[in-house]
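Engineer: Sequence and predicted model, in that order:
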Amino acid sequence: MKKPKSKQLRIQSRTSEVQEIELLEKWIEFGKPESGSNPLSLPPLPAKSPVGRIDESTYSQYAGCTKFQQLPLSKNTKDGVRQSGYKIMTNIQRASLPHALCGRDILGAAKTGSGKTLAFIIPVLEKLYKARWGLEDGVGSIILSPTRELANQLFGVLKSVGKHHGFSAGLLIGGNEYDEEKDHVNRMNILICTPGRLLKHMDTTPNFDCSQLQVLVLDEADRILDAGFKKEVNAIISQLPKYRQTLLFSATQTKSVKDLARLSLKDPEYIAVDEEAIAATPSRLQQKVMLVPLDQKLDMLWSFIKAHLNSRILVFLSSCKQVRFVYEAFKKLRPGIPLKCLHGRMKQIKRTFILQQFVEQRSVLFSTDVSSRGLDFNKGVDWVVQVDSPDDVASYIHRVGRTARYDSVGRSVLFLLPSEMKMLERLQEKKIPVQFDKANTKRLQSVSGLLAALLAKYTDLQPLAQRAFKTYVKSIYKQKDKEVFDVTKLPIDDFSASLGLPMTPQLRYLDRKNVDKKMPGESNLVPEVPVKKDLIKLLRQKPTNNLFEESEEEEELDLLKSKETADGEEGKAIAADHLLPTTRVLKKKKLKINVHRPVGTRVVFDEEGNTLPPLATLADTSATDSAVLDKDKVMKRYAEMREDMKTRDQEDKLLDRQRRKEKRIKEKNKHKRARDEEEVEDEDGFSDKDTRNVKKSKVYFNSDSEEEGRSKVALKTDAISLAEQEELALKLLSSMNS
Ligand SMILES: Nc1ncnc2c1ncn2[C@@H]1O[C@H](COP(=O)(O)OP(=O)(O)OP(=O)(O)O)[C@@H](O)[C@H]1O
C-alpha cells in the first residue's frame, strides 16, 4: 500500500506515529460517547470547531461531528478518506464511528447504499494502526463477505482508503489461485474473504494463524449468519480468539440472540439509524409492483427492455438456469441494447469482467441473487427489475438497494403472480412504499411465439428452456413461505408454452392433477379454485442414458427427501407411497415380454398392445389420486391366479404325458422291428446308436434330473387310462377353440 522509506525517515515516522497514537488514544478516551447513546441525537458540531488537542488536558468533541476530519483518526486514514472523495459523513458513519473507534462491538443497520462500508473499514485501519500492527504480526483483521463480488468491492475500498497505511491486505475468494494465496496468506494483516475460502485456509494452509485477531467484521451480517453459511461460520469462529472487536453491518440486521451469542459479542452497540424512518428503503427510490401472470413474464420483460433502451437495467431471476435461458434467448432476439448475464456457476474471471462491463456501459444484466447484496455500481443502476419474486422482504430490500445509492435516484419494478399477491402485503407491513400497478397489456409485445421459433431453430436452446422451466417450478416448490409461493397455483402448461417449449416437461415430484390447469388464454387473474396442498408423489426412477436427465432426476429425488424431513408426517406418507407401484411406472418398466418368465405365466396386453404385468390391470387409475391398490383385491386376484395356474399346469402335464407315451410306443415298435430284422447275439446287444437315441428322447422330456424324471413319467403314464387320455385331449381342444 505504501512505498518503502529510507531508514532515517522510518525512525522519524515511527516517533511521530507513537506520538500520534498517544494523542489519538487520549482524545478518544476524553470524548467517547456514552455506551448506548446515539451520536446522531447530539447537535451537530459547528463546521469550524477545533479539532484534536485544545490544551494539555482538553480535546475536541467528536461524538456529534459531521466530517471525517473532525474524528480522532490517524493522518494516514484521514488522507486516504479525503483522497477517496469523502468529506461529510453519512448517518450510519456518524452514529457508529465514535463507538467503533473506542473499541466497542457494533451491530449496525442502515438502508442500502448509506455508506456502511466506511463505517467498518475505518475502524479496522485505526485499530491496527493504534496497535502498531506490522507485517510480522500476521492476521489482525478479517472482513467476511457473503459473495466474491462484494468481497472484491470491499477490497477496492480498503485499498483506496488505506493506501497511506503500511498494512498488507489479501482477498481470499473462491475462483482465485489457491496455491498462490497459500504462499502469501500468512503475511497478510487484513483479510477480506468469503467464509468458505477462509475456512479452507484455516483447514489446509500450514501455519495459518488467526490467534492474534483484533477485529472481525461481518458485512451483510444477517446473510453470513443464516443457515446457508452456518457450518462454515461456526467453524471459523471456533478458531478465532474471543477477545476481539466485532463489527456487524447490514441493511437488514439480525437481532437474533442466538446469532449474537455465537459471535460472543460484548455489550454491542445496536445502531439502527433508520428505525424511525417512514420507509425501510431509500427515499429516492421509486418502487412499483406489477401483477404479471407467469406466462406473460417474458413478454413483459421484453417489452420493458424495448421501452428502456437507454438505461442500465439489473434484472433478477430466481436461478442460474433461468438467467442463462433468458439471456441466451433474448440475445438471439436482439433487443437493441447490450445484454449480459451473471450467476454463481460462471468462472470468477468472467464474473468480474461482466460486472466491470456493466458498470461502464449501459446494458441489461440478468442476474441471480449473487449480485443482490452490497454491490455498488458506481455509475448507478437506473432500474432494478425483479422478474421472479424475492424469497422474502429482506431479499427484496437488498435487490432494490442496487439502485438509488448514496444520494442518487433509482427505480424498481417487481413482477408478482396473482398467487403471490401476499408478498405485496408483506412489503407494506415492513414499511416499503410500493406503488401497485396492473400491467398495461396494450403495450405488451409477445415473445413466446418468437421463442418457439428460436427453440426450433437453435436446438441447444431447448434444453436450456426445459431446465429454466423445471428449476423455476422447483424453486417455487422449495420456498418456505407457502402463503406467498404456492406451486399448485402455477399455470404450468401456459408457462411452458411461454418459454417456447413444444411440450410441458415432466415434473416428477409434482402431481399434475392438482396443479392449476387452465385452457390456454384463460386469464390467471380469475380467483383460483382452492386446490389440495398435499400433492407430492414419488415415482420410481426411470432408467436413462441422458446424463442431464439423470442429474435432474436425482435433484428431484433429493428434493423429495428434503421434503420428507421437513414435512414430518407428510413426508412419511410420501415415502410410503413410493413403495406402491403405480400404473405409469409399471407400464414404463415392462415394455417387453419376458422370455425367461416361469412356465405358466400369462402375458397380459393392454389396449395399445403393451404388455402389462397381471397386477397392473388392477391399479385404480380413475377413482383416486394415489393409484393405490386395494390389498384385498390383490390377494383375491393372487389366489385366483394360483388356482388358474394349477389347472393349466395339470393340463400341460397331461398333454406331455400323452405325447411321451406315444413316442415311447413308437420307439418300442421301432426297436422291435429292428430286433426282428437284425440278428442279435445276446440280450444286451443294442447298438450304441440306439442307446443314444433312447437317452436323447428322455433328456428331451425331463425337466428335472434325468433318472428321477424318467421314473416319474413311467409311473404316471401307467396310471392314466386310455379313456382319460381321450377326455383330456377333448378338453384341450375345446379350451384352444374358446
Ligand atoms: N460519506 C460519504 N460521502 C460520499 N459518498 C459516500 C460516503 N459514504 C459512502 N459513500 C458512497 O455511497 C455509496 C454506497 O456506500 P456503501 O457501498 O458503503 O453502502 P452500503 O450501506 O454498504 O450499501 P449496501 O447495504 O447495499 O451494502 C458508495 O458509492 C460510496 O462510495
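Structural biologist: Arrived safely.

Engineer: From the contact counts, what lies against whichever strand or helix holds residue 16?
Structural biologist: Under the criterion of DSSP states H and E, residue 16 resides in helix 7-31. Judged by 3 or more Cβ pairs under 8 Å, 6 or more residues apart in numbering; DSSP states H and E, the packing partners of helix 7-31 are helix 116-130. Every C-beta, even on glycine, is put in place using the N, C-alpha and C of the backbone.

Engineer: List the strands paired with the helix or strand just after the helix it packs on, with their directions.
Structural biologist: Counting by DSSP H and E, the next helix or strand C-terminal to helix 116-130 is strand 141-144. In the sheet, strand 141-144 lines up against strand 190-193 (parallel), strand 215-219 (parallel) (DSSP bridges).

Engineer: Give me the contact list for the first one.
Structural biologist: Contacts to strand 190-193, defined as Cβ atoms under 8 Å, 6 or more residues apart in numbering, come from residues 124, 128, 139-145, 151, 154-155, 158, 162, 167-173, 185, 198.

Engineer: quick revisit: would you tell me which of the strands paired with strand 141-144 gets closest to residue 472?
Structural biologist: strand 215-219 (30.0 Å; Cβ to Cβ).

Engineer: check contacts around the nearest residue to residue 370 once chain neighbours are set aside.
Structural biologist: Nearest residue to residue 370, sequence neighbours excluded (Cβ to Cβ, 6 or more residues apart in numbering): residue 344, at 5.0 Å. By Cβ under 8 Å, 6+ apart, the contact set of residue 344 is 320, 368, 370.

Engineer: Kindly reformat these as TSV containing distance to residue 490, pLDDT and secondary structure.
Structural biologist: Putting those into TSV (distance: Cβ to Cβ, whole Å; pLDDT from 0 to 100; DSSP: H, G, I helix; E, B strand; the rest coil) gives the following:
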residue	distance to residue 490	pLDDT	secondary structure
320	20	96	helix
368	20	96	coil
370	25	94	helix
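
Engineer: Let me know the closest of those residues to the ligand.
Structural biologist: Lowest distance from the ligand to these (Cβ to the nearest ligand atom) belongs to residue 370, with 14.0 Å.

Engineer: What is the neighbour count of that closest one?
Structural biologist: 21 (other Cβ atoms under 10 Å).

Engineer: Please apply the same query to residue 339.
Structural biologist: Around residue 339 there are 19 residues (other Cβ under 10 Å).

Engineer: wait, isn't it in contact with residue 364?
Structural biologist: Yes: counting by Cβ atoms under 8 Å, residue 339 does reach residue 364; the two are 5.1 Å apart.

Engineer: Distance of the residue lying closest to residue 75 once chain neighbours are set aside relative to residue 32?
Structural biologist: Leaving aside its sequence neighbours, residue 75 sits nearest to residue 20 (Cβ to Cβ, 6+ apart; 6.8 Å). The gap separating residue 20 from residue 32 is 18 Å, by Cβ to Cβ, to the nearest Å.

Engineer: repeat for residue 447
Structural biologist: For residue 447, the distance to residue 32 - Cβ to Cβ - is 61 Å.

Engineer: Which one's more surrounded, those two?
Structural biologist: residue 447 (24 against 18).

Engineer: Against residue 377, how distant is the more buried one?
Structural biologist: The gap separating residue 447 from residue 377 is 27 Å, by Cβ to Cβ.

Engineer: next one: residue 392
Structural biologist: Relative to residue 377, residue 392 is positioned 23 Å away (Cβ to Cβ).

Engineer: cool, and residue 178?
Structural biologist: Per Cβ to Cβ, residue 178 is found 29 Å from residue 377.

Engineer: Ok, residue 434 next?
Structural biologist: Separation of residue 434 from residue 377 (Cβ to Cβ) stands at 22 Å.

Engineer: Those two: which has the busier surroundings?
Structural biologist: Between residue 434 and residue 377, residue 434 has the larger neighbour count (other Cβ under 10 Å), namely 21 against 18.

Engineer: All the helices of the stretch 401-550 of the chain, residue numbers only.
Structural biologist: Along the stretch 401-550 of the chain, counting by DSSP state H, counting those that start in this stretch, helices occupy 422-429, 448-457, 461-478, 492-498, 547-567.

Engineer: Going by mean pLDDT, which of these comes out lowest?
Structural biologist: Least confident of those, judged by mean pLDDT, is helix 547-567 with a mean of 34.
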